[in-house]
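Trainee: task: produce atomic coordinates for the following.
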Amino acid sequence: MNRRRLLAMVGVLALPGCSDVGAPSTVSSTDEASRVTSSSSGATCEPGAVFRPSPPEGTDPEPSEYPKKPGTLSADSVATYLSEFETTFGRNRAIDELVSTSVDVEIQGGFEGSEAGDGYVASSNVQVMFTTDADGTETAVGDIKYVANYYVDPELVYRHQTDIEPMDPRDSDRKLLVQCGSTA
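Mentor: Model prediction:
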């Protein structure tokens, strides 16, 4: 990979509103992939529409596994789950899209969940730091800063990424469905 291509990819990931764009990939669990559920808010959760960066096996560094959603939702359980989920999401995206050789994801300030209907809304500042070897001769170092915004209810999880201000992802037409059902 040449340096211009790497810098172009970093620029695309850092553009406002562009970082959540991607082709959907299915959840790895066959039990989850066969379910279609509806949340109490009326939203339909179709596992085929779930998007999660999923680098191929054998990638170096190895991709991380997504955590399971807690069985009982509370402000504390949602905060812990989202910290683990966003760390995995940011890491796997950097490995997959930037072909990174090292990745560090920092959740800055932590997620604080607040009740919203049958679920919780939570946001946190995030910084993804990465190193990429371009053509084995150059090393590019970079970072991406953003706000990760989530809505979590018993049946689905929405994610939306913004540059500065937190928001309820349900209010965005660019939100991503990142989980269906109650488990990973």
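
Trainee: show me what the helix or strand in which residue 89 is found is packed against.
Mentor: Element membership of residue 89, judged by DSSP states H and E, is helix 75-98. Here helix 75-98 touches helix 3-14, strand 102-108, strand 119-134, strand 138-152, going by 3 or more C-beta pairs under 8 Å, 6 or more residues apart in numbering; DSSP states H and E. To be clear about C-beta, it is placed using only N, CA and C from the backbone, and glycine gets the same treatment.

Trainee: buried sites along the shortest one?
Mentor: Neighbour counts using 16 or more other C-beta atoms under 10 Å place 103, 105, 107 of strand 102-108 among the buried residues.

Trainee: just put these in TSV and tack on pLDDT.
Mentor: TSV is the format used below for these (pLDDT from 0 to 100):
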residue	pLDDT
103	92
105	96
107	97
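
Trainee: okay, which residue is most central for the chain?
Mentor: Against the mean C-alpha coordinate of the chain, by C-alpha atoms, centre = their mean, the closest residue is residue 89 at 3.7 Å.

Trainee: give me the number of residues near residue 73?
Mentor: 19 (other C-beta atoms under 10 Å).

Trainee: that one contacts residue 153, correct?
Mentor: Yes: proximity of residue 73 to residue 153 meets the contact threshold set by C-beta atoms under 8 Å, at 7.4 Å.

Trainee: about what we covered before: quick one, what contacts the residue nearest to the centre of the chain?
Mentor: Counting by C-beta atoms under 8 Å, 6 or more residues apart in numbering, residue 89 touches 52, 53, 66, 148, 159, 178.

Trainee: now render those residues as a markdown table, adding neighbour count and distance to residue 122.
Mentor: Putting those into a markdown table (neighbours: other C-beta atoms under 10 Å; distance: C-beta to C-beta, whole Å) gives the following:
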| residue | neighbour count | distance to residue 122 |
| --- | --- | --- |
| 52 | 23 | 18 |
| 53 | 19 | 20 |
| 66 | 21 | 17 |
| 148 | 26 | 9 |
| 159 | 23 | 11 |
| 178 | 22 | 13 |
